[in-house]
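> Any chance you could fold what I've pasted below:
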Amino acid sequence: MRKDVRILLVGEPKVGKTSLIMSLVSEEFPDEVPLRAEEITIPADVTPERVPTHIVDYSEAEQSDEQLYQEISKANVICIVYSVNNKKSIEKVTSHWIPLINERTDKDSRLPLILVGNKSDLVEHSSMETILPIMNQYSEIETCVECSAKNLKNISELFYYAQKAVLHPTGPLYSPEEKEMKPSCIKALTRIFKISDLDNDGILNDNELNFFQRTCFNIPLAPQALEDVKNVVRKNMSDGVKDNGLTLKGFLFLHTLFIQRGRHETTWTVLRRFGYDDDLELTQEYLFPLLKIPPDCTTELNHNAYLFLQSNALLNESILFFSRPKLFLKDLFKVFPYMPWGPDVNNTVCTNEQGWITYQGYLSQWTLTTYLDVQRCLEYLGYLGYSIIQEQESQAAAFTITRNKRIDLQKKQTQRSVFRCNVLGVRGSGKSGFLQAFLGRNLARQKRIREDRKSYYAISTTYVYGQEKYLLLHEVLPDFEFLSEADLACDVVCLVYDISNPGSFEYCAKVYKKHFLDSKTPCVIIAAKSDLHEARQYYSLSPLDFCRKHKLHPPQLFTCNTDEAPSKDIYTKLTTMAMYPHVTQADLKNSTFWLRASVGATVFAVLGFAMYKALLKQR
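The predicted model follows:
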């Protein structure tokens, strides 16, 4: 909501503009009225909406046209004052003042107008018959108030309506000509309904309505009040209430009713609570709350965030796991202004045989977005209403910022759950195959991947000593001279060469010597396509001798040309090396070290599957 409101009073001379302002301030009619009142600021604590309000007077005798234009451009709302006993001043509203104001304001940003009929104490009749056609002609006119500066009639109401026209404008919500809500308002309220429908059944039950009421207005509805609300909808809409709960149509009808009855503030309170600004766009402050990330730290979703995302997925579990994954994603992302995931997502995370994202793949994609682009993840969680449903100040509460990697090295332990492995090698060396094999795809399945849907990332879970961790593989483009800091910044490095290509290993050797020889980043040489005949490499040292010279683990044979899903042992090793970068290469060569890690992973995977089956039975 706006931090302050600026009200400008204009009109013909002698209609009582200055008297209205002075009567408001002194609460009595002034004996002497100056040509123009000085600008007055009413403090926030004495206004109904708790917003500072500036009231500005205009005098034709004291001010130039240029000064008037400047005041119009600064105003948030303009009160056009006329005298109810002066027909000429009423005629000037349409012949002079409204055209003048419209010329001086941006057509795209509608400036609300209030028509003020002063001196009602001098007549026995109302001017409303004359004014109503004017209000119908100009949609920017919010309301008309008849008042008397002398009798103090409707003075405070006048300025309240002016303030309300700025803070709770009708324009963005409702079309008086069509007598219905505008599409942008319907779209915003539909998102709010979707977020508030916690069990995703298309109905707001009593618990959800109370949660919504408490979220927006800080008080629950009494049982009788709930029934009264539903009865009002029932009387007006046959499909507004279903299974004793409010449908989307019923929800929209209620807000239309609020607006038609002049209770715009109710709808605006709801819209602002869910992050909308005066143009019914989600605010930058809502979508991108401040989140400071120190250098050399990473971002991860915390436990509560995963529970939130899991609840979203489990509500659509049958769709997600079985027959209708596209409908699941379409339904889930209805609250987004666009589809957040591109077609490459199916080649970035785990899918089933039909290529549909699994439950684990769904969580992996969120983990990837959090790690690579936390600002985008803030935005996405904002669309889903994370802070509202979780009752947090903002969606920044969904993240854990890991400590500096240098501290992890000093303490020889890490609290991180996501580890990045950059995969380097010449074109055709098998990098893409290495990424896809991590997602359980053998060469036959990989051949079905369309080139325009290829992904340079792959993320999934691995288990080290019984702990579930995420390993993020990133295929780096092989431009040796143009490797950036981002290409090199990671927790572990894979240098991939094709054993059947004699010129393949040289790139790995040069990259290692130039960028990783003196670094503390663990490196692994991957001998890819190990199902093919091994060719002698052109490089001066064989891959095995190179590894011995630089005290690296021997080249790891790897192939994805298998009948079943490729082995995942190498990925467990990579995750372990990323978790324990301080462990020496001698320790890494020790088979007992790897055995402990892999046995822990097997035990944890079996336990995890048993727990998952138990969870399904409970549900």
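> V166: what's it in contact with?
R2, V5, N76, V77, P112 (Cβ atoms under 8 Å, 6 or more residues apart in numbering). To be clear about C-beta, it is placed using only N, CA and C from the backbone, and glycine gets the same treatment.
> if you set the cut-off to 6 Å instead, what comes out?
V5, N76, V77 (Cβ atoms under 6 Å, 6 or more residues apart in numbering).
> Leaving aside the residues adjacent along the chain, what's closest to M128?
Leaving aside its chain neighbours, M128 sits nearest to C144 (6.8 Å; criterion: Cβ to Cβ, 6 or more residues apart in numbering).
> That neighbour falls within a strand, correct?
Yes: checked against DSSP: H, G, I helix; E, B strand; the rest coil, C144 lies within a strand.
> What's the local residue count around it?
19 (other Cβ atoms under 10 Å).
> Kindly report the same for the one 5 residues further on.
Counted with other Cβ under 10 Å, residues neighbouring A149 total 27.
> now do T283
Here the number of neighbours of T283 (other Cβ under 10 Å) works out to 14.
> again, but for H303
Residues near H303, counting by other Cβ under 10 Å, number 9.
> does Q392 belong to a helix or a strand, and which?
Secondary structure assignment for Q392, by DSSP states H and E: no helix or strand.
> residues touching it, list them.
Q392 is in contact with no residue at all, counting by Cβ under 6 Å, 6+ apart.
> can you map out the helices along the stretch 501-619 of the chain?
505-511, 543-549, 569-579, 585-589, 591-618 (DSSP state H, counting those that start in this stretch).
> My read is that the residue nearest to M128 contacts L115, right?
Yes: C144 is within contact range of L115, at 4.1 Å (criterion: Cβ atoms under 6 Å).
> what about I195, which SS state?
Put simply, I195 is helix when judged by three-state DSSP.
> That one against L384, yeah?
No: the criterion here is Cβ under 6 Å, and I195 misses it with L384 at 7.0 Å.
> next structured bit after the helix or strand where F258 lies?
In this structure, F258 sits in helix 248-260 according to DSSP H and E. Counting by DSSP H and E, the element after helix 248-260 in chain order, helix or strand, is helix 264-273.
> and the following helix or strand past that following helix, what other elements does it pack with?
Toward the C-terminus, helix 264-273 is succeeded by helix 284-287 as the next helix or strand (DSSP H and E). Packing partners of helix 284-287 (3 or more Cβ pairs under 6 Å, 6 or more residues apart in numbering; DSSP states H and E): helix 374-383.
> which other residues reach the helix or strand that the helix it packs on is followed by?
Following helix 374-383 in sequence order, the next helix or strand is helix 386-389 (DSSP H and E). For helix 386-389, the external contacting residues (Cβ under 6 Å, 6+ apart) are T215, S394, Q395, A398.
> The third one: how many residues sit nearby?
This means Q395. Counted by other Cβ under 10 Å, the residues lying close to Q395 total 27.
> circling back: can I get the helix holding F258 in PDB, CA atoms only?
Taking C-alpha atoms only, helix 248-260 is exported to PDB below (Å, rounded to 0.1, in the frame of the first residue of the first chain):
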ATOM      1  CA  LEU A 248     -13.900 -20.600  -7.100                       C
ATOM      2  CA  LYS A 249     -17.000 -19.200  -8.600                       C
ATOM      3  CA  GLY A 250     -18.400 -18.600  -5.200                       C
ATOM      4  CA  PHE A 251     -15.200 -17.000  -4.000                       C
ATOM      5  CA  LEU A 252     -15.200 -14.600  -7.000                       C
ATOM      6  CA  PHE A 253     -18.900 -13.800  -6.500                       C
ATOM      7  CA  LEU A 254     -18.200 -12.800  -2.900                       C
ATOM      8  CA  HIS A 255     -15.500 -10.300  -3.900                       C
ATOM      9  CA  THR A 256     -17.700  -8.900  -6.700                       C
ATOM     10  CA  LEU A 257     -20.400  -8.300  -4.000                       C
ATOM     11  CA  PHE A 258     -17.900  -6.600  -1.700                       C
ATOM     12  CA  ILE A 259     -16.800  -4.200  -4.500                       C
ATOM     13  CA  GLN A 260     -20.400  -3.500  -5.600                       C
END
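> and it with helix 264-273, angle?
Here the directions of helix 248-260 and helix 264-273 differ by 130 degrees (axes from the mean of the first three to the mean of the last three Cα atoms, to 10 degrees).
> Offset the numbering so it begins at 10, please.
Sure thing, new numbering starts at 10, so read that last one as helix 257-269.
> buried residues in helix 257-269?
Neighbour-count burial for helix 257-269, counted by 16 or more other Cβ atoms under 10 Å, picks out L257, K258, G259, F260, L261, F262, L263, H264, T265, F267, I268.
> of those, closest to S513?
Using Cβ to Cβ, L257 is the member of those that sits closest to S513, with 58.5 Å.
> where along the stretch 410-559 of the chain do the strands fall?
Secondary structure of the stretch 410-559 of the chain, counting by DSSP state E, counting those that start in this stretch: strands at 427-433, 466-473, 476-484, 501-507, 532-537.
> What distance do you get for Y169 to E151?
12 Å (Cβ to Cβ, to the nearest Å).
> Compare neighbour counts for those two and give me the winner.
Taking neighbours as other Cβ under 10 Å, Y169 and E151 compare with E151 leading, 23 against 16.
> Can you show me the strands along the stretch 210-359 of the chain?
Along the stretch 210-359 of the chain, the stretches classed as strands by DSSP E, counting those that start in this stretch are 250-251, 254-255, 308-310.
> will you turn the strands of the stretch 410-559 of the chain into CSV that also has distance to V383 and mean pLDDT?
Conversion of the strands of the stretch 410-559 of the chain to CSV gives the following (distance: least, Cβ to Cβ, whole Å; pLDDT from 0 to 100):
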stretch, distance to V383, mean pLDDT
strand 427-433, 12, 96
strand 466-473, 15, 96
strand 476-484, 14, 96
strand 501-507, 22, 96
strand 532-537, 27, 96
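> and those, which is most packed in?
Stretch with highest mean neighbour count among the strands of the stretch 410-559 of the chain: strand 501-507 (a mean of 26; mean count of other Cβ atoms under 10 Å).
> just to revisit the earlier point, look up how far V102 lies from the residue nearest to M137.
Applying Cβ to Cβ, the value for C153 to V102 is 10 Å.
> what residues go with each domain of the chain?
14-176, 189-290, 298-411, 422-592 (the TED database).
> Could you pull up the mean pLDDT of the third one?
When pLDDT is averaged along domain 298-411, the result is 86.
> Same question for the first one.
Throughout domain 14-176, pLDDT has a mean value of 91.
> start to end distance for that domain?
8 Å (Cα to Cα, to the nearest Å).
> Equivalent analysis for the second one, please.
With Cα to Cα applied, domain 189-290 spans 20 Å between its terminal residues.
> From the chain's centroid, how far away is that domain?
21 Å (Cα atoms, centre = their mean, to the nearest Å).
> Now do that domain, average pLDDT.
For domain 189-290, the per-residue pLDDT averages 93.
> contacting residues for T224?
Contacts of T224 by Cβ under 6 Å, 6+ apart are I397.
> Distance to Y183 for the domains of the chain - can I get that in TSV?
Formatted as TSV, the domains of the chain follow (distance: least, Cβ to Cβ, whole Å):
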stretch	distance to Y183
domain 14-176	10
domain 189-290	5
domain 298-411	22
domain 422-592	44
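> Out of those, the one nearest L182 is which?
domain 189-290 (4.7 Å).
> Now for C359, how many residues are close by?
Using other Cβ under 10 Å, C359 has 22 other residues around it.
> Could you report the distance from it to E309?
From C359 to E309 the distance is 19 Å (Cβ to Cβ).
> Just list the residues touching S92, thanks.
Contacts for S92 (Cβ under 6 Å, 6+ apart) come out as V24, S98, N127, K128.
> right, I mislabeled it, should have said L377
Applying Cβ under 6 Å, 6+ apart, we find L377 in contact with I468.
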